[in-house]
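Student: Build me a structure from this.
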Amino acid sequence: MNRTSYKELFNLEGKTAVVTGGLGILGKRFCAGLAEFGANVAVVDLDEKRTKAFAQELTKHYQKKSIGIACDVSSPSDVKAMVARVVEEFAEIHILHNNAASKSADLNAFFAPFEEYSLVEWRNIMSVNLDGMFLAAQAIGSQMIKQGKGGSIIQTSSIYGILGPDQRIYEGSYYLERKINTPAVYSASKAAVIGLSKYLAAYWADKKIRVNTLTPGGSESGQNDVFVKKYSARTPLGRMGRPDEMVAALIFLASEASSYVTGQNIVVDGGLSAW
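Tutor: Coordinates of the predicted model:
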């Protein structure tokens, strides 16, 4: 009897993956997961020195070639140069994890109340969270079409791209000693990511390019105990997520295990969106 090797469906050997926002808390885990399953990884982020150093760590640990590339995804010229560099190194691109997102260097502006939010700050965040998604998908999708072999694009949204944040959890909540909230621009940009993914899934289906969204719930990353307790109480599983728990969904979407999955939003949120 001919049988499918289900384990082999998740194998990424011979594939090249580009991960934008590759130095983030989740981004580093995503890069490591792709490398562990066999992919060559291009770590893309703003800091050239750190992207190259992290790529060297991946190569050493997983014995798969990784490169680090400095790129501002809101810059068309940067994105074009990044794609050219990946193709120069690996010849083809098979997976794009469109993962970059921005917080302003001016946290007072980023966390400002909606009534006082500046249009300048709104556009600054949108330039990365949405324009950057558009530019990277456009450039790498075009490269995939040129290759003629299809591909998989995964775009990171957020639980607050599908739900409005419960403002009560922010009372007394801090992140790295800074009072926090979820700005409207973040929710709006992450909701737009889901719409863009659905559009591209239908648009590129005949090119065998699958496009899906990965939506993480809140992950522990330095929030104070008040926030962790309040957020955890909102989830059926009773806790925040761990960064590593998002990786399995990415591997599924990047690999042939999801060959009949496109235009979908995979939500990894401990059940928060179930009630």
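Student: contacts and neighbour counts: CA atoms only from here.
Tutor: Fine.
Student: Which helix or which strand is home to residue 96?
Tutor: strand 95-98 (DSSP states H and E).
Student: how many neighbours does residue 84 have?
Tutor: Neighbour count of residue 84, defined by other CA atoms under 10 Å: 17.
Student: Residue 225 now?
Tutor: By the measure other CA under 10 Å, the count of residues near residue 225 is 13.
Student: So what touches stretch 120-127?
Tutor: With contacts defined as CA atoms under 8 Å, 6 or more residues apart in numbering, stretch 120-127 is touched by 74, 101, 102, 103, 104, 109, 110, 185, 186, 189.
Student: can you check stretch 153-160 too?
Tutor: So stretch 153-160 is in contact with 95-100, 133, 137, 186-187, 190-191, 193-194, 197, 209-218, 250, 253-254, 267, 269, 273, going by CA under 8 Å, 6+ apart.
Student: thinking again about what came up before, please export the C-alpha coordinates of the strand holding residue 96 as PDB.
Tutor: In PDB, the C-alpha atoms belonging to strand 95-98 read as follows (Å, rounded to 0.1, in the frame of the first residue of the first chain):
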ATOM      1  CA  ILE A  95       8.600  31.000   1.800                       C
ATOM      2  CA  LEU A  96       7.900  34.600   3.000                       C
ATOM      3  CA  HIS A  97       7.000  35.200   6.500                       C
ATOM      4  CA  ASN A  98       5.800  38.800   6.400                       C
END
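Student: Mind pulling up the pLDDT for the residue nearest the centre of the chain?
Tutor: Closest residue to the average C-alpha location of the chain: residue 99 at 2.5 Å, with CA atoms, centre = their mean. What the model reports as pLDDT for residue 99 is 98.
Student: close enough to count as contact, it and residue 24?
Tutor: No: judged on CA atoms under 8 Å, residue 99 makes no contact with residue 24 at a distance of 9.0 Å.
Student: who are the neighbours in contact with the closest residue to residue 208 other than its chain neighbours?
Tutor: In this structure, residue 208 finds its nearest non-sequential neighbour in residue 150, 4.3 Å apart by CA to CA, 6 or more residues apart in numbering. Counting by CA under 8 Å, 6+ apart, residue 150 makes contact with 94, 144, 207, 208, 209, 210.
Student: Count the residues that sit near the fifth one.
Tutor: By that I understand residue 209. 24.
Student: if I look at residue 75, how far off is residue 156?
Tutor: Separation of residue 75 from residue 156 (CA to CA, to the nearest Å): 19 Å.
Student: Between the two, which has more neighbouring residues?
Tutor: Shown here are residue 75 and residue 156; by other CA under 10 Å, residue 156 has more neighbours (23 against 16).
Student: Quick check: phi and psi at that one.
Tutor: phi -80, psi 120 (degrees, to the nearest 10).
Student: so where's the protein uncertain?
Tutor: Flagging of the chain using pLDDT under 70 yields the residue ranges 1-2.
Student: any chance you could map the strands in it?
Tutor: 16-20, 40-45, 66-70, 95-98, 151-156, 174-175, 178-179, 209-216, 265-268 (DSSP state E).
Student: quick one on the thing from earlier: so which of the contacts of stretch 120-127 comes closest to residue 171?
Tutor: Distance to residue 171 across the contacts of stretch 120-127 (CA to CA) is lowest for residue 110, with 17.5 Å.
Student: from memory that closest one sits against residue 181, does it?
Tutor: No: applying CA under 8 Å, one finds residue 110 not in contact with residue 181, separated by 9.4 Å.
Student: which one of these two has more residues nearby?
Tutor: Comparing residue 110 with residue 181 by other CA under 10 Å, the one with more neighbours is residue 110, at 24 against 20.
Student: which residues touch the more buried one?
Tutor: If you count contacts by CA under 8 Å, 6+ apart, residue 110 has them with 103, 104, 121, 183.
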